[in-house]
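S.K.: structure here, sequence nowhere to be found:
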């Protein structure tokens, strides 16, 4: 196939059309799975300003990991969903947009009409988020298929996927002798390995000479009993990140990450940490498995029956010379 020529700035409308706006309003895991598209656009449209229009917490994370700008979706963008006047700053950004990539509304919606009114010269791509019942393909492939008719953007995203597969997005985050990070919760209790299993695993790892760090967010602290939290504290360093930036900081220097079907698991994997994901019957690794250079999914039909010995044996496969 002939090599795609990158557009010159003048062809994008010069200073009048150089913003690439990427809209997303899903959770952390769903957002991370869009990063190949977002970063691919930043690579191939290098003379443009790529701006993620997302929640502030996720925007700050994207700024740190992807080095793209962000705008808080709650700061004046609501006018796109109705007939209200769009705030001046969002309107100005849209007026200078060369591309708008959206996963927040359906094609033909009032939202799209508003965007086209404010950015009449922009190429608008209305993408469909991967449905929860997605089958037969991975969520990233579902997204990539929708931009196949845009070879420049598709090629950029594919290049990023190759890079993620080799090293991850932040390979310096990984430090083999570093602690094992355990994320013991998720947004759904049905996806969780019983906390007793995590306590036994932490105890085993510590007995094998490994440092252990447990990440327990506010949701986990609300669900866990005082005795369970105390037991975790006896065998690990329990941390409660206040936001996603602090979560990323807590991952720095880790040697291994173990978690459920959650946003932090997707983040760790894509950044480049060796990642072991515990998936139960409510999770589909073929559609929503984490993506990264060293990822292993342990998919079981009954998380309640999953033993520490089975997890440790699987970890040895991931690490090569993991704990015995």
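M.R.: All right, it came through fine. Here the structure is a predicted model, which means the values were calculated and not measured.
S.K.: so what pairs up with residue 123 in the strands?
M.R.: With DSSP bridges as the criterion, residue 123 is bridged to residue 99.
S.K.: please apply the same query to residue 239.
M.R.: residue 215.
S.K.: next, count neighbours for it.
M.R.: 15 (other C-beta atoms under 10 Å). (Glycine included, C-beta is placed from N, CA and C.)
S.K.: likewise for residue 289?
M.R.: Neighbours of residue 289 (other C-beta under 10 Å): 22.
S.K.: now the one 3 residues further on
M.R.: Taking other C-beta under 10 Å as the criterion, the count of residues near residue 292 is 23.
S.K.: now do the one 10 residues further on
M.R.: For residue 302, the number of neighbouring residues by other C-beta under 10 Å comes to 8.
S.K.: what about stretch 86-102, start to end distance?
M.R.: 17 Å (C-alpha to C-alpha, to the nearest Å).
S.K.: which parts of it are buried?
M.R.: 86, 90, 91, 93, 94, 96, 97, 98, 99, 100, 101, 102 (16 or more other C-beta atoms under 10 Å).
S.K.: mind telling me what element residue 228 is part of?
M.R.: In the assignment (DSSP states H and E), residue 228 maps to helix 226-235.
S.K.: packing partners for that helix?
M.R.: helix 195-207 (3 or more C-beta pairs under 8 Å, 6 or more residues apart in numbering; DSSP states H and E).
S.K.: how far does the helix it packs on sit from the chain's center?
M.R.: Remark: helix 195-207 is offset 27 Å from the chain centroid, using C-alpha atoms, centre = their mean, to the nearest Å.
S.K.: for that helix, which positions count as buried?
M.R.: Buried residues in helix 195-207 (16+ other C-beta under 10 Å): 195, 197, 198, 199, 200, 201, 202, 203, 204, 205, 206.
S.K.: now do the contacts for the residue lying closest to residue 183 once chain neighbours are set aside.
M.R.: Distances taken as C-beta to C-beta, 6 or more residues apart in numbering put residue 259 closest to residue 183, at 3.6 Å, once the chain neighbours are dropped. By C-beta atoms under 8 Å, 6 or more residues apart in numbering, residue 259 lies in contact with 182, 183, 184, 186, 265, 268, 275, 276, 277, 278.
S.K.: most neighbours among those residues, please name it.
M.R.: Busiest of the contacts of residue 259 [other C-beta under 10 Å] is residue 268, holding 34 neighbours.
S.K.: pLDDT score assigned to it?
M.R.: On the pLDDT scale, residue 268 is placed at 98.
S.K.: go ahead and confirm it touches residue 252.
M.R.: No - at 11.0 Å, residue 268 and residue 252 do not qualify as touching, with contact defined as C-beta atoms under 8 Å.
S.K.: got the buried residues for the worst-scoring helix or strand of the chain on mean pLDDT?
M.R.: Lowest by mean pLDDT, DSSP states H and E among the helices and strands of the chain is helix 218-223, with a mean of 80. Buried positions in helix 218-223, judged by neighbour count with 16+ other C-beta under 10 Å: residue 220.
S.K.: filter the buried residues of stretch 86-102 down to the ones in strands?
M.R.: 97, 98, 99, 100, 101, 102 (DSSP state E).
S.K.: which of these sit farthest apart?
M.R.: 98 and 102 (14.4 Å; C-beta to C-beta).
S.K.: just confirm residue 154 is within a helix.
M.R.: Yes - under DSSP: H, G, I helix; E, B strand; the rest coil, residue 154 falls within a helix.
S.K.: so what's the closest residue to it other than its chain neighbours up against?
M.R.: Spatially, and ignoring its direct neighbours in sequence, residue 154 is nearest to residue 147 (4.9 Å; C-beta to C-beta, 6+ apart). Residue 147 makes contact with 37, 125, 127, 153, 154, 157, according to C-beta under 8 Å, 6+ apart.
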